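[1] From the sequence below, what's the structure:
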Amino acid sequence: MPPTRTSHPARTTAALRDLAGSLVVSCQALPGEALHGADIMARMARAAVAGGAAAVRINGPEDVAAVRQAVAVPVIGLWKDGDDGVYITPTLEHARRVAEAGADLVAIDATRRPRPDGLSLADTIEALHRLGIGVLADVSTHEEGVAAAAAGADAVATTLSGYTSYSTPPDGPDFALVASLAAVLDVPLIAEGRVGTPEEAVRVLTLGAHAVVVGGAITRPTAITARFAAALPRAAAPLSGAVEPERTAAPGTAAARGPEATSGPEATPELTAPPPPVPSPHAPTPVARRTAEEPTA
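    As a prediction, the model looks like this:
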């Protein structure tokens, strides 16, 4: 018989219930990025909530503390530490400090890779539950999602799909993983990873996700700007090589009557095409459709 696990913390159950069918916005900026800073992330979170986010996903104890003071919605906290292997809230101590900063739910790496502190996933979740801390398990495969739920995770997220050496990165959201996990889990499934459009967000919910996390498509202006800037040279290339079409003189002009009509008292000045109309400043500006999202994990 497997050991009896502690029950899910009450505030975690309430937070997850409130997220049903809703949008979670990931507000993160790493050191070296223009928007890095707890005050900026608090403002970003407020903007996301004003736009309709039902919860936010925040990185690091300082940012979590600042955001907790700025918004009333649930805060999913994590702590990215390191570059390789398990780096999303890699140890029990990381998770404890994120919770102490004010997170309602702590996201941890729940992949099959070894954890830096040597604890198993089940033992980590058990210890966090004893501290009253709810756990969102970030996984990369179907098998990991099932194992995380069996280990006691309060919810499972597809955050790391495509970001482990053994998971295949899809071009967009991992719809197949969302569908397969939603069909078998008895805990809420959170869809996260490369969700770039409202249509994709709706689709993961129709596939059975309890809620959806969107990050880069909303909160990473540098990456969004870079996509627009990269597209412009490709669009301008055909225009730079275009040859201006030969103009045909309008009937009745001097050019149409021939060279003999270009002098003398009855000569008519050659007419030119009127300038193009100046667009109204109130005219709507076309918006390019976003097609992909950079990783938010």
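[2] The helix or strand containing Pro238 packs against which elements?
    Using DSSP states H and E, Pro238 falls within helix 221-240. Helix 221-240 is packed against helix 216-219, with contacts defined by 3 or more C-beta pairs under 8 Å, 6 or more residues apart in numbering; DSSP states H and E. Backbone N, C-alpha and C define where each C-beta goes, glycine included.
[3] what pLDDT, on average, does the helix it packs on get?
    Averaging pLDDT along helix 216-219 gives 96.
[4] Using CSV, write down the CA coordinates of it.
    Only the C-alpha atoms of helix 216-219 are listed here, as CSV (Å, rounded to 0.1, in the frame of the first residue of the first chain):
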residue,chain,number,x,y,z
GLY,A,216,4.8,35.8,-24.0
ALA,A,217,1.9,36.8,-26.2
ILE,A,218,0.8,39.3,-23.6
THR,A,219,3.7,40.3,-21.4
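[5] and that helix, what does it pack onto?
    Against helix 216-219 (3+ C-beta pairs under 8 Å, 6+ apart) you get strand 22-27, helix 38-50, helix 221-240.
[6] between those, which gets nearest to Leu128?
    strand 22-27 (19.9 Å; C-beta to C-beta).
[7] List of residues touching the closest one?
    Strand 22-27 has contacts (C-beta atoms under 8 Å, 6 or more residues apart in numbering) with 41, 44-45, 48, 51-58, 63, 67, 76, 190, 192, 201, 211-216, 218-219, 296.
[8] Name the residues of the helix holding Pro238 that come out as buried.
    Neighbour-count burial for helix 221-240 flags Ile224 (criterion: 16 or more other C-beta atoms under 10 Å).
[9] tell me how far it is from the chain's mean position?
    20 Å (C-alpha atoms, centre = their mean, to the nearest Å).
[10] ditto for stretch 29-41
    Between the centre of stretch 29-41 and the centre of its chain there are 16 Å (C-alpha atoms, centre = their mean).
[11] what about it, average pLDDT?
    Regarding stretch 29-41, the rounded mean pLDDT is 96.
[12] Please renumber the chain so that the first residue is 8 from this point on.
    Happy to do that; since the first residue is 8 now, the last one works out to stretch 36-48.
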